[in-house]
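1. this one's sequence-less:
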């Protein structure tokens, strides 16, 4: 078997200790192997770096174990070529399992190039990724808190959400503050409505008649305080994200041209896949890496249905949200594609397929540096004459089944 790396090391990383294996040439023309354990503290990592340097190691591999690999990778990446490997690709010989044997086996796999490293972005993108992921978590937490407010209001018999479009809109928030402060008269509360909501004052009077007690006031008061705190946190994180994405403003604008993708979704997509598409040979490689395409399951020359493979849950969630948003648009290629697939495969698969197309579009706009080109909902019927004629015959048959006689006349050519 060909040896691709002459001096390499494999690290079996755990929370408190690291087992390192080094394989280098020996004086007899063979291979020499050394194994040593280090503490996972910063001092231990500096000692590990000195030890690797003494063996003139060029490539250092490690398994992606939770978050424990990160401090090791970040400390060594400036001096060594660090490679992160998927744990599923480093399966040990069956029946043998220990930290030392894991390091030995992994080092041999790295030495012969039998495993491919995972994508680890540069430091600025890692910081951006941490920020947008944390912001997304805070937004999700805020959504849950708003839902708790709604459940508590329902428990008190307050049907505010049946009249107001938003439970925490400007008028609704003023009413909630008044309820917490002890104002329970529906007439007084309804008069706090502002803007277009004043047209619904009679309905508000009825909706605000309930059994709001001190117990509900305590709960909703704490929930609103938590929502205000989350709003401040999200605003602070967004300011920092704005600073870090300033060098990528052009890429954000390009991604924002894709239907269903807003600025926050564009920031998340950029943080997850990066602006450099040369890392992915084609859009299919990107979709496979992101886990937005079906898995591969073939046996006996037959291809079987397979679930999508695992990828970044943050990227997948953003693409799914964008797909659900684009479904509500009219006259777009992505919306038409969703409805075509949904009629055959259902909502869930159609959503993933639409997210896949959004990711494909993101690859091309970033790779070519051009805005998204809208194909229109008629694309599927214009792409070939046979498909158009088949669609026309199908529609005629449907009308004839309903008892209509159909005569087709072409529209005049536009001037």
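-> Sure, I can see it. These numbers come from a predicted model, not from an experiment.
2. burial of the nearest residue to residue 375 once chain neighbours are set aside, as a residue count?
-> Sequence neighbours aside, residue 333 is the residue nearest to residue 375 in space, at 4.0 Å (criterion: CB to CB, 6 or more residues apart in numbering). For glycine as for every other residue, the C-beta is placed from the backbone atoms N, C-alpha and C. Neighbour count for residue 333, taken as other CB atoms under 10 Å: 21.
3. doesn't residue 378 make contact with residue 333?
-> No - using CB atoms under 8 Å as the test, residue 333 is too far from residue 378 to be in contact (9.0 Å).
4. I'd like the mean pLDDT over the helix or strand hosting residue 242, please.
-> Following DSSP states H and E, one finds residue 242 within helix 214-244. Regarding helix 214-244, the rounded mean pLDDT is 95.
5. so what pLDDT did the residue nearest to residue 375 get?
-> Among the per-residue scores, residue 333 shows a pLDDT of 91.
6. what about residue 24, which SS state?
-> strand (DSSP: H, G, I helix; E, B strand; the rest coil).
7. OK, contacts around residue 82?
-> 60-62, 73, 76, 120 (CB atoms under 8 Å, 6 or more residues apart in numbering).
8. same question, residue 44
-> By CB under 8 Å, 6+ apart, the contact set of residue 44 is 18, 38.
9. hmm, back to that, tell me how far the residue nearest to residue 375 lies from residue 257.
-> 13 Å (CB to CB, to the nearest Å).
10. roughly how far apart are residue 108 and residue 122?
-> Taking CB to CB as the measure, residue 108 falls 29 Å from residue 122.
11. again, but for residue 223
-> Residue 223 sits 40 Å away from residue 122, going by CB to CB.
12. again with residue 162
-> In terms of CB to CB, residue 162 sits 50 Å off from residue 122.
13. Is residue 64 in contact with residue 88, as I believe?
-> No - the criterion here is CB under 8 Å, and residue 64 misses it with residue 88 at 9.6 Å.
14. neighbour-wise, which of the two wins?
-> Neighbour count, other CB under 10 Å: between residue 64 and residue 88, residue 64 has more, with 20 against 9.
15. Can you show me the helices along the stretch 101-250 of the chain?
-> 123-155, 170-180, 186-190, 201-207, 214-244, 249-256 (DSSP state H, counting those that start in this stretch).
16. any chance of these in TSV, plus mean neighbour count and distance to residue 341?
-> Compiled in TSV, the helices of the stretch 101-250 of the chain are given as follows (neighbours: other CB atoms under 10 Å; distance: least, CB to CB, whole Å):
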stretch	mean neighbour count	distance to residue 341
helix 123-155	16	27
helix 170-180	19	38
helix 186-190	17	46
helix 201-207	17	40
helix 214-244	15	33
helix 249-256	18	23
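17. Next up, the contacts around residue 227.
-> 142, 145-146, 149, 168 are the contacts of residue 227 under CB under 8 Å, 6+ apart.
18. And these, which two are furthest apart?
-> By the measure CB to CB, 142 and 149 form the most distant pair in those, at 10.7 Å.
19. Return the backbone torsion pair for residue 396.
-> phi -60, psi -40 (degrees, to the nearest 10).
20. any idea what sits nearest it, other than its immediate chain neighbours?
-> Nearest residue to residue 396, sequence neighbours excluded (CB to CB, 6+ apart): residue 406, at 4.9 Å.
21. On the three-state scheme, that neighbour is what?
-> coil.
22. which residues does it contact?
-> 396, 399-400.
23. what would the residues you listed look like in CSV with distance to residue 337, neighbour count and pLDDT?
-> Compiled in CSV, the contacts of residue 406 are given as follows (distance: CB to CB, whole Å; neighbours: other CB atoms under 10 Å; pLDDT from 0 to 100):
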residue, distance to residue 337, neighbour count, pLDDT
396, 24, 15, 87
399, 25, 11, 88
400, 28, 11, 88
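24. Dump those residues into a markdown table; add distance to residue 351 as well.
-> Listed next are those as a markdown table, based on distance: CB to CB, whole Å:
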| residue | distance to residue 351 |
| --- | --- |
| 396 | 32 |
| 399 | 31 |
| 400 | 34 |
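25. Skipping adjacent residues, who's closest to residue 125 in space?
-> residue 274 (5.5 Å).
26. Please report the distance of that neighbour from residue 293.
-> Taking CB to CB, one finds residue 274 at 19 Å from residue 293.
27. what's around residue 47, how many residues?
-> Using other CB under 10 Å, residue 47 is surrounded by 14 other residues.
28. Isn't it up against residue 40?
-> No - here residue 47 does not reach residue 40: they are 11.2 Å apart, not a contact under CB under 8 Å.
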